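**Q** The following block contains a protein sequence and its predicted model.
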Amino acid sequence: MSTMFNDGARSLQDRFDTRRLADRIEERLVHDRLTPDDIAYVEARDMFFLATADEHGRPNCSYKGGDPGFVRGIDEHTLVFPSYDGNGMYLSAGNVLENPNVGMLFIDFEHGSRMRVNGVARIDQEDELLSDFPEAQFMVRVEVREVFPNCPRYIHKMQRVEASPFVPRSDTITPVPLWKRSDWANDVLAADDRANDPEAPEL
């Protein structure tokens, strides 16, 4: 008995005669835990897309980036990643506090592969791994519910040109984004925002 497909998915599968294929994919490819290969794949990525929804079911999708390894597989049931300074809106994290169900999409644009991870997230401001990630505000832990590869046929081939200089690293000073010093933003920044320091480099 499938637990993955709702009535809407089933109606479309029946309309286009793909129910048998969908069931076979769920049977053969979808699993409820991370394999060593899954963890290696995730930890090699330097970005992913995070889907969340608020308490009313309204969705939000955000990009999360860092150095390879910023998402870690702690064990076969758990992924963890840091939340860095952003625009202060906390749309994704706020959704997690209201509705912890999340979807994560990892893509390797250079080799043409992708993987989905669905699960239940929680925010931990005292996580034991927090000190491993410079400037992280808190960690997000995801209890994995479903892991499965996606068909790669529509992935455009791209190459990584340059890592973002804004990713916090222990061996360098993270620059301040210029927009935080603009007229519309500089008077409403958090008191401890580094952009308030005129000596902090900007980019």
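**A** It's in.

**Q** What segments of this structure are helices?
**A** With helices called from DSSP state H, the chain shows them at 7-15, 19-28, 36-44, 91-98.

**Q** May I see the buried residues of the second one?
**A** The reference is to helix 19-28. Buried residues in helix 19-28, counted by 16 or more other Cβ atoms under 10 Å: 19, 22, 26. Where you see a C-beta, it was placed from the backbone N, CA and C, and this is true even at glycine.

**Q** now, among the residues you listed, which is nearest to residue 125?
**A** Nearest to residue 125 out of the buried residues of helix 19-28 is residue 26 (Cβ to Cβ; 36.1 Å).

**Q** my guess is that closest one meets residue 4, correct?
**A** Yes. With contact defined as Cβ atoms under 8 Å, residue 26 reaches residue 4; the gap is 5.2 Å.

**Q** Run through the residues that contact residue 147.
**A** Counting by Cβ atoms under 8 Å, 6 or more residues apart in numbering, residue 147 touches 30-35, 38, 115-118.

**Q** Now the two most distant members of the residues you listed.
**A** 35 and 118 (15.8 Å).

**Q** about what we covered before: which members of the contacts of residue 147 are classed as buried?
**A** Neighbour-count burial (16+ other Cβ under 10 Å) applied to those gives 30, 34, 38, 115-118.

**Q** Strands - which of those residues land there?
**A** Of these, the ones assigned to strands by DSSP state E are 115-118.

**Q** what's the closest of the residues you listed to residue 141?
**A** Nearest to residue 141, judged by Cβ to Cβ, of those is residue 117 at 12.5 Å.

**Q** was I right about that closest one contacting residue 142?
**A** Yes. Residue 117 is within contact range of residue 142, at 7.0 Å (criterion: Cβ under 8 Å).

**Q** so what's the residue nearest in space to the middle of the chain bridging to?
**A** Centrality entry for the chain: nearest residue to the mean C-alpha point is residue 50, 4.0 Å, by Cα atoms, centre = their mean. Listed beta-bridge partners, residue 50: residue 62, residue 104 (assigned using DSSP bridges).

**Q** shouldn't it be in contact with residue 93?
**A** No. Counting by Cβ under 8 Å, residue 50 stays clear of residue 93, with 9.7 Å between them.

**Q** what about the strands in this protein?
**A** 47-53, 59-65, 72-75, 78-83, 101-108, 113-124, 138-150.
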